[in-house]
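Provided below are the primary sequence and the corresponding predicted coordinates.
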Amino acid sequence: MSKLQFIVEVFRNPMVTGDILPTQRYLIRRMIDCIEISNHPLKIVEFGGGEGAITRAIVDKVERGGIGYDIFSFELNSRLADMSREKFEVNGKINGCVRIIEDDAVNMLSHLDNGIGADYIISSLPLSHFSREKSRNIFRAVKAGLKKNGVFTQYQHFPTCYSLVKEFFNDVKIRYVLANIPPAFVYTCRNIN
Ligand SMILES: C[S@@+](CC[C@H](N)C(=O)[O-])C[C@H]1O[C@@H](n2cnc3c(N)ncnc32)[C@H](O)[C@@H]1O
């Protein structure tokens, strides 16, 4: 049902929704394999939560690790945000909580408690549909919101934001995931300075 709802939203607003299908297993794995189960509670931000395919994988991973967590998932589309709220906010979590924030990801800083930085920012925003200036503002928010040594991941079907990634991050790893429809590049960027 939720996959179908996602596809309906693609037809309603293709430029904002970005993809034709929710992200699939191998790409999800690549997007979140940077998350290390540590001995301190994790603060994880997600951009473009959609119907929750990646949110689900993040929750499962941190719940399995048994650590405390706060997940802030930004989603502009109110129908998709409502669907995610039903899945993640209503059902009780054991070790942490998920907040679905219906706002533009660029406003992330105003939603983080006490401005404390994020350990991870996991983004599936359709950056290739954004203006250069909008994308740059997203990267500014990411840099300001990440802890030192925190990690930002982003996927794109065409590597159009590579130069922007390099403008903001020195430590960048790029991988290509063929087993997704459509295939995608994953940037994994560590905030070393
Ligand atoms: C490509 S879909 C990814 C959905 C889901 N995370 C997945 O991987 O299947 C991108 C999502 O980003 C949302 N979105 C687009 N622009 C946004 C923005 N500026 N702030 C927050 N969410 C946004 C869209 O509504 C859409 O749900």
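Cool, got the structure.

okay, stretch 145-162 in PDB with CA atoms only?
Extracted in PDB, the C-alpha atoms of stretch 145-162 (Å, rounded to 0.1, in the frame of the first residue of the first chain):
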ATOM      1  CA  GLY A 145      24.600  20.500  11.400                       C
ATOM      2  CA  LEU A 146      27.100  17.700  11.400                       C
ATOM      3  CA  LYS A 147      29.400  16.900  14.300                       C
ATOM      4  CA  LYS A 148      33.100  16.700  13.600                       C
ATOM      5  CA  ASN A 149      33.800  13.300  12.100                       C
ATOM      6  CA  GLY A 150      30.000  13.000  11.500                       C
ATOM      7  CA  VAL A 151      29.000  11.400   8.100                       C
ATOM      8  CA  PHE A 152      26.800  12.700   5.300                       C
ATOM      9  CA  THR A 153      25.500  10.300   2.700                       C
ATOM     10  CA  GLN A 154      23.600  11.200  -0.500                       C
ATOM     11  CA  TYR A 155      22.600   9.200  -3.500                       C
ATOM     12  CA  GLN A 156      22.100  10.400  -7.100                       C
ATOM     13  CA  HIS A 157      21.300   8.700 -10.300                       C
ATOM     14  CA  PHE A 158      23.700  11.000 -12.200                       C
ATOM     15  CA  PRO A 159      26.700  12.400 -10.400                       C
ATOM     16  CA  THR A 160      25.700  16.000 -11.000                       C
ATOM     17  CA  CYS A 161      26.400  17.300  -7.500                       C
ATOM     18  CA  TYR A 162      30.000  15.900  -7.400                       C
END
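
any idea of the mean pLDDT for it?
For stretch 145-162, the mean pLDDT works out to 95.

quick check, it touching the ligand?
No: counting by CB under 6 Å from any ligand atom, the ligand is not contacted by stretch 145-162; separation bottoms out at 8.0 Å. Where C-beta positions appear, they are placed from N, C-alpha and C, glycine not excepted.

Any buried residues in that stretch, and which?
Residues 145, 146, 150, 151, 152, 153, 154, 155, 156, 161 are the ones in stretch 145-162 that count as buried (16 or more other CB atoms under 10 Å).

With stretch 79-91 instead?
If you call a residue buried by 16+ other CB under 10 Å, then stretch 79-91 has these buried ones: 80, 81, 83, 84, 85, 87, 88.
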